[in-house]
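1. The sequence and its predicted three-dimensional model are supplied below.
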Amino acid sequence: MASLSWWHPKRYLGTHENRRAEEDDDAQARTVGYILNLVIQSSPTGVAVIGRGGDVVLSNARAHDMSIVHDRTLNPEVRAVAEGVFAEKESQSIDLTLRRRSTGSRITNVRAVVTPLSLPDGDFVAVYATDESENARMESARRDFVANVSHELKTPVGGMSLLAEALLEDPEDPGVVRYFGEKLLKESHRMGGMISDLISLSKLQGAEALPEMAPVRVDDIIDEAMLRNQVAADNQNIELTRGETSDTYVMGDRSLLVTALSNLVTNAINYSAEGQPVSVTQKVVRDSVVLIRVTDRGIGIAPENQKRVFERFFRVDKARSRSTGGTGLGLAIVKHVVANHGGNIKLWSRLGTGSTFTIELPVYAANMSAPPVVPPALADIPEVSDISGVKADAKPEVNTDNKTDLRLTSESRKPDSLSKPARKDTQ
């Protein structure tokens, strides 16, 4: 009978436990590897591991999006940097500017850091890429802003200096003093308005919350915005009209909302011919959004300029804007005020026909202890063609029925109210 001296329960148990431990280690390693792969593939950073010959050992989808890797081929610029890292064993970085691709990708600027990896079975380098497109756009906007501000502020300062010199040359002539004094006053008002707008825009673009959020009646916003522009409209024989009133409320800062709407009305007046009407209407849709529309029959805006009208210092007609005292910041302020109130600003325009600016704001909910929101009867509100589906031959409608005339009566005007032209600070 064969000897069974080799068999021992403890020895068998030990072997079994070792096998179980090895299996557990393998399973854990596979799990960790799977998790690491998921982390790399889902990372917002582009990641690629490159061998000495330039072979792509590993890469994630983000690395392909950033053009670090294309069809398992390394970007030539990154490869040149990788060869330097292999040689010097030190990390290096490179900034890439990408071409616009047919895929519609918005990635235009990428920063890639190439780091050496020393492994027992060979040398590799890791590439970490980040999307710097937004930072590049912000830096470009900052440079443009500084250049524009420098130019816009130097213009009135230079004009004021020349006017002051002309005034000093003939201080005894009342006509000369009056003429150049009025010019100086106009330029100083324009520069003061620009500085004020810059401060307002800076606050709106900051991180701080709006200072005075409270329920605001849309009718009150419209009334005050139109009242601010009534004298300017009268001077150009432009009739300001509005649609029917309602009891719709929005949550926001009253002063900022009035400023935004007033800027749109001022803009409509400035770019309208004498005698043309400008209307302001409101409409509640889906019981949750109020649309405030400012419509004019002015010169209109070319399609190539419509995406730029909300940029700082952009002017459709520079000569007209300067003659009316515009700072080129009015529509930029409108854009940021509306955005800070959770809304949108839209534009429909056609050359020679006119423009419609539409502010979309969320209606203040009645269950939030605000005054009750009573949407107006939609059939009773004069409509302006929907900017999203306007026909090619359509013209913006200007409300002429059921209008409320907010023009100041001669008795209510102060004697000097017409001698001081209203400052127009849009476009």
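-> Structure's in. What do you need?
2. which stretches of the stretch 251-400 of the chain form helices?
-> For the stretch 251-400 of the chain, the helices defined by DSSP state H, counting those that start in this stretch occupy 254-270, 303-306, 318-323, 330-340.
3. Quick check: mean pLDDT of the third one?
-> Model confidence over helix 318-323 averages 50 on the pLDDT scale.
4. cool, and the second one?
-> Throughout helix 303-306, pLDDT has a mean value of 83.
5. Same check on the longest one?
-> Along helix 254-270, the predicted local confidence has a mean pLDDT of 90.
6. how about it as CSV, C-alpha atoms only?
-> Only the C-alpha atoms of helix 254-270 are listed here, as CSV (Å, rounded to 0.1, in the frame of the first residue of the first chain):
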residue,chain,number,x,y,z
ARG,A,254,-35.7,97.0,-10.7
SER,A,255,-33.0,99.5,-11.5
LEU,A,256,-31.0,97.1,-13.7
LEU,A,257,-34.1,95.8,-15.6
VAL,A,258,-35.2,99.4,-16.3
THR,A,259,-31.7,100.3,-17.5
ALA,A,260,-31.7,97.3,-19.8
LEU,A,261,-35.1,98.0,-21.4
SER,A,262,-34.3,101.7,-21.6
ASN,A,263,-31.1,100.9,-23.5
LEU,A,264,-33.1,99.0,-26.1
VAL,A,265,-35.6,101.8,-26.4
THR,A,266,-32.8,104.4,-26.8
ASN,A,267,-31.2,102.2,-29.3
ALA,A,268,-34.4,101.9,-31.3
ILE,A,269,-34.8,105.7,-31.3
ASN,A,270,-31.3,106.4,-32.4
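7. rewinding a little: now for the helices of the stretch 251-400 of the chain, which one comes closest to Arg350?
-> Arg350 lies closest, by Cβ to Cβ, to one member of the helices of the stretch 251-400 of the chain: helix 303-306, at 8.8 Å. In this view, the C-beta of every residue, glycine as well, is placed from N, C-alpha and C.
8. If we go by neighbour counts, what in the closest one is buried?
-> By 16 or more other Cβ atoms under 10 Å, the buried positions in helix 303-306 come out as 305-306.
9. One more: stretch 345-361?
-> So stretch 345-361, judged by 16+ other Cβ under 10 Å, has buried residues 345, 348-350, 353-361.
10. can you name the two of these that are farthest apart?
-> Pairwise over the buried residues of stretch 345-361, using Cβ to Cβ, the maximum falls at Thr353 and Leu361, 26.1 Å.
11. next helix or strand past the helix or strand hosting Asp223?
-> Using DSSP states H and E, Asp223 sits in helix 218-235. Per DSSP H and E, helix 218-235 leads on to strand 240-242 as the next helix or strand towards the C-terminus.
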